[in-house]
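In: let's see this in three dimensions:
(2 chains)
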Amino acid sequence: KQEVTQIPAALSVPEGENLVLNCSFTDSAIYNLQWFRQDPGKGLTSLLLIQSSQREQTSGRLNASLDKSSGRSTLYIAASQPGDSATYLCAVDWYSSASKIIFGSGTRLSIRP
Amino acid sequence: NAGVTQTPKFRVLKTGQSMTLLCAQDMNHEYMYWYRQDPGMGLRLIHYSVGEGTTAKGEVPDGYNVSRLKKQNFLLGLESAAPSQTSVYFCASSYSDRGYEQYFGPGTRLTVT
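Out: Numbering: from 1, shown residues only, chains lettered A, B, ... in the order given. All right, here's what the predicted structure looks like:
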């Protein structure tokens, strides 16, 4: 069964720290992987989308990496700010999944001022 | 552009009642999706559509029906609501299939008593 796992479920760090969020997935035959941000009571906002052929994508203070062979992706946040507090979800699209992406359950990040 | 909008934002139903959730997008996207989000379970795909007049089942379709009569609208219906359908429902759209970001609406919080 194709699954996406995000550990830990919650993370609290002081402001200014660099941090890494983890996403692991079964089955390395992925088409792409996407990282989303969700603020409380809100919808999801796409942060970064990594195609299968890419190793990483960057947007501002965010960097997402992809290692298909090990079934892992990481989202690196540099110089964290209280405004980064949110839930971060990763979602995987496998070649075999026919328009259906599978979401992890997310990591709830809290940045302490 | 309003992006993806959802109506209503909140709703409380009694068991056995019916209702329709409306999703609208103004980005001329072909693909539209309905997800439900439950605590600790991430988002799960209910139904999706790859174009006007088409619908397909996702991971958890039982108890729901959908229609895509117009390209910009995707309706999710509950014919006989059950407490197990208490959830937050998100609609999303994308330009095409693989390789394109999904854009999400703000969600509808549904409680079935």
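In: roughly how far apart are the most far-flung residue of chain B relative to its centre and residue A:109?
Out: What lies farthest from the middle of chain B is residue B:99; by C-alpha atoms, centre = their mean that is 21.0 Å. Per C-beta to C-beta, to the nearest Å, residue B:99 is found 27 Å from residue A:109. All C-beta atoms are positioned from the backbone trio N, CA, C, and that covers glycine.
In: before we move on, what about residue A:26?
Out: Per C-beta to C-beta, residue A:26 is found 24 Å from residue A:109.
In: repeat that for residue B:88.
Out: 19 Å.
In: neighbour-wise, which of those two wins?
Out: Legend: neighbour count by other C-beta atoms under 10 Å in any protein chain shown for residue B:88 and residue A:109, higher for residue A:109 (21 against 18).
In: which strand or helix spans the closest residue in space to that one that isn't next to it in sequence?
Out: Closest residue in space to residue A:109, ignoring its immediate chain neighbours: residue A:11 at 5.3 Å, by C-beta to C-beta, 6 or more residues apart in numbering or on different chains. Element membership for residue A:11, per DSSP states H and E: strand A:10-14.
In: so in that sheet, which strands flank the lowest-mean-pLDDT helix or strand in chain A, and in what orientation?
Out: The helix or strand of chain A with the lowest confidence, counting by mean pLDDT, DSSP states H and E, is strand A:101-103 at a mean of 90. Strand A:101-103 has the following sheet partners, assigned by DSSP bridges: strand A:86-94 (antiparallel).
In: low-confidence stretches in chain A?
Out: By pLDDT under 70, the weakly predicted segments of chain A are A:98-99.
In: and chain A, which residues reach chain B?
Out: Residues of chain A lying close to chain B by C-beta under 8 Å from any C-beta of the partner chain are A:4, A:9, A:31-32, A:34, A:36, A:41-46, A:49, A:51, A:89, A:91, A:93, A:99-101, A:103-106.
In: out of those residues, which end up buried?
Out: A:4, A:31-32, A:34, A:36, A:43-44, A:46, A:49, A:89, A:91, A:93, A:99-101, A:103-106 (16 or more other C-beta atoms under 10 Å in any protein chain shown).
In: residue contacts, residue A:37?
Out: Residue A:37 makes contact with A:44, A:45, A:47, A:86, A:87, A:88, A:89, according to C-beta atoms under 8 Å, 6 or more residues apart in numbering or on different chains.
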